[in-house]
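Q: below is the structure, and that's it, no one-letter string:
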């Protein structure tokens, strides 16, 4: 009990508070990295210093937003019309007018493809680059899971810093109460889980409770950390099964406490109103603005999920809270036109313009994606028309860090159903992102299963100019 009281006096960082950081992700603070094993040599690009992954939970419709087929039959093409972009000769859907004006920064891959139709497997495949061994639904997180490729990067990051190399905003993707697998460190261990930063549905940032006392100086903090080490060595080792990880967590929390710039990054009130408005005062907009601030403060890889929200499916349904809002089986066209895409359009366009003006786009890779697309053929399964899951062909966007802006990669057939040129797998995408940020995707790292190869895909070198 005496030990606990001393810890509680140590800058409000009690043993209980520190251990609570490990419930989903904060045990991921980094520590010393054992040697990595190299695979066959590849040319590492390394221009990106940071990655920002914007993930649209549920799967955005490629055929309505990016890869329009205006000459297809009515039951396929839908009401969305193509509009010109800032790049002559390239059109995208009219629901993305702001992004269209930023298209000179964007490479659009129209040939993403895999075979996993359920959300569980598709999310897992998209975020790890590996297919799940179980093909039925209802997947749960397992310590044997392949890691999120951000966690793979975190584990192999050649330039670790004070902030964890993988951060998650505003919360994990779920179906019902299940956190979908593929979002954790998996077989790498919980220390490589993403660092979660919560943002409420109204766009309010909840900073991590690290609680630096105003009167604490850097000398005080270092003295307290030294005392913590002595206390832990004498009294806590038998209470904490992963004592080494616990010590690493303490050390990195101390590093964050010593850097006001990191703590300030969580305060969106320091941004001008016009910037906050440009990003959007909704959860996605403020999460993305927060991510930009955290990248400026030294973050290396941030994943933003869209997050659950109230959605109106019309018909016999009342507005309800849904976990994966881009999963538009029902009321598809009003939802994408009037709700989902306007916010995504505003936020992505604001991010690209803001980062470009700040000089951050030169070395920040921005990725906008979901786990799959939507069925080209409009569905009438429900009372209001929708589109079903479609992993066989879908589109994503990349920008920054040497990406060839104003470029289309890959093609689909005349109905947008299947890839006809330059197919790209989730593994290829993970390899491309890892290589862009300076990590050879073919290296392997220690894991609970022996070794884990970061990616088995082929990096798309031609995307880079």
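A: That came through fine. Nothing here was measured: the structure is a model prediction, and the numbers come from that model.
Q: hey, where'd the helices end up in the stretch 351-465 of the chain?
A: 426-436 (DSSP state H, counting those that start in this stretch).
Q: all strands of it, in order?
A: Secondary structure of the stretch 351-465 of the chain (DSSP state E, counting those that start in this stretch): strands at 364-369, 373-374, 389-390, 394-399, 407-409, 411-412, 419-421, 444-447, 450-453.
Q: what helices or strands is the last one leaning on?
A: Strand 450-453 makes packing contacts with strand 444-447 when contacts are defined by 3 or more CB pairs under 8 Å, 6 or more residues apart in numbering; DSSP states H and E. Any C-beta I mention is one placed from the backbone N, CA and C, and that applies to glycine too.
Q: packing partners for the strand it packs on?
A: Taking 3+ CB pairs under 8 Å, 6+ apart as contact, the helices and strands that strand 444-447 lies on are helix 149-156, strand 450-453.
Q: gap between it and the chain center?
A: Relative to the centre of its chain, strand 444-447 is centred 22 Å away, using CA atoms, centre = their mean, to the nearest Å.
Q: now stretch 103-113: average pLDDT?
A: Along stretch 103-113, the predicted local confidence has a mean pLDDT of 98.
Q: how about stretch 326-337?
A: Summarised as a single mean, pLDDT over stretch 326-337 is 97.
Q: same question for stretch 143-158.
A: Computed over stretch 143-158, the average pLDDT equals 94.
Q: which residues does residue 408 bridge with?
A: Judged by DSSP bridges, the bridge partners of residue 408 are residue 108.
Q: show the pLDDT at it.
A: What the model reports for residue 408 is a pLDDT of 98.
Q: how about the one 10 residues further on?
A: Listed pLDDT for residue 418 reads 98.
Q: likewise for residue 262?
A: Residue 262 carries a pLDDT value of 76.
Q: please apply the same query to residue 238.
A: With respect to pLDDT, residue 238 has a value of 45.
Q: could you do the one 4 residues further on as well?
A: Looking at residue 242, its pLDDT stands at 50.
Q: I'd like the mean pLDDT over stretch 362-369, please.
A: 98.
Q: mind listing residues that contact that stretch?
A: Taking contacts as CB atoms under 8 Å, 6 or more residues apart in numbering, the residues outside stretch 362-369 that touch it are 47-56, 112, 126, 295, 344, 348, 351-352, 355, 396-401, 403, 429, 433, 436-437.
Q: could you pull out the strands for the stretch 51-200 of the chain?
A: For the stretch 51-200 of the chain, strands defined by DSSP E, counting those that start in this stretch occupy the ranges 82-84, 91-93, 106-112, 167-169, 174-175, 178-179, 195-196, 198-199.
Q: adding mean neighbour count and distance to residue 73, write those strands out as TSV.
A: Converted to TSV, the strands of the stretch 51-200 of the chain look like this (neighbours: other CB atoms under 10 Å; distance: least, CB to CB, whole Å):
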stretch	mean neighbour count	distance to residue 73
strand 82-84	14	16
strand 91-93	22	18
strand 106-112	24	20
strand 167-169	26	41
strand 174-175	17	33
strand 178-179	16	38
strand 195-196	22	45
strand 198-199	20	42
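Q: just to revisit the earlier point, just put the strands of the stretch 351-465 of the chain in TSV and tack on mean neighbour count and distance to residue 94.
A: Putting the strands of the stretch 351-465 of the chain into TSV (neighbours: other CB under 10 Å; distance: least, CB to CB, whole Å) gives the following:
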stretch	mean neighbour count	distance to residue 94
strand 364-369	24	18
strand 373-374	30	17
strand 389-390	21	21
strand 394-399	26	16
strand 407-409	19	18
strand 411-412	20	19
strand 419-421	15	24
strand 444-447	18	45
strand 450-453	14	42
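Q: ok, which of those comes nearest residue 121?
A: strand 389-390 (10.5 Å; CB to CB).
Q: so where's this protein uncertain?
A: Applying pLDDT under 70 to the chain flags residues 1-45, 160-162, 210-261.
Q: tell me which residue lies nearest the centroid of it.
A: Most central in the chain under CA atoms, centre = their mean is residue 303, positioned 2.0 Å from the mean C-alpha point.
Q: let me know the distance separating that residue from residue 410.
A: Per CB to CB, to the nearest Å, residue 303 is found 24 Å from residue 410.
Q: please apply the same query to residue 186.
A: According to CB to CB, residue 186 and residue 410 sit 29 Å apart.
Q: higher neighbour count, the two?
A: Between residue 186 and residue 410, counting by other CB atoms under 10 Å, residue 186 is the more crowded of the two (28 against 20).
Q: list the contacts for that one?
A: With CB under 8 Å, 6+ apart, residue 186 has these contacts: 128, 142-148, 151.
Q: and if you look at residue 455?
A: Residue 455 sits in contact with 129, 149, 152, 427, 430-431, 434, 441-442, where contact means CB under 8 Å, 6+ apart.
Q: please repeat the previous calculation with a cut-off of 7 Å.
A: Residue 455 makes contact with 129, 149, 427, 430-431, 434, 441, according to CB atoms under 7 Å, 6 or more residues apart in numbering.
Q: between these, which sits nearest residue 73?
A: Closest to residue 73 out of the contacts of residue 455 is residue 427 (33.8 Å), distances taken as CB to CB.
Q: report how many residues lie close to the residue lying closest to the closest one once chain neighbours are set aside.
A: When the adjacent residues along the chain are set aside, residue 427 lies closest to residue 457, with 3.1 Å between them (CB to CB, 6 or more residues apart in numbering). By the measure other CB under 10 Å, the count of residues near residue 457 is 23.
Q: got the contact list for residue 457?
A: Counting by CB under 7 Å, 6+ apart, residue 457 makes contact with 129, 425, 427-431, 441.
Q: the residues you listed: which two are farthest apart?
A: Set against one another by CB to CB, these have their most distant pair in 425 and 441, with a gap of 12.7 Å.
Q: compare these two and say which is more crowded by neighbours.
A: Neighbours of residue 425 and residue 441, each counted by other CB under 10 Å, are more numerous for residue 441; the result is 28 against 19.
Q: surely that one touches residue 429?
A: No - in this structure, residue 441 sits apart from residue 429 without contact. The criterion is CB atoms under 7 Å, and the distance is 10.4 Å.
Q: list the residues that contact residue 270.
A: Going by CB under 7 Å, 6+ apart, residue 270 touches residue 264.
Q: right, and residue 348 touches residue 101 too?
A: No - because the distance of 11.2 Å does not satisfy CB under 7 Å, residue 348 is recorded as not touching residue 101.
Q: picking that back up, from the contacts of residue 186, which is closest to residue 170?
A: Taking the contacts of residue 186 together and measuring to residue 170 by CB to CB, the closest member is residue 148, at 16.0 Å.
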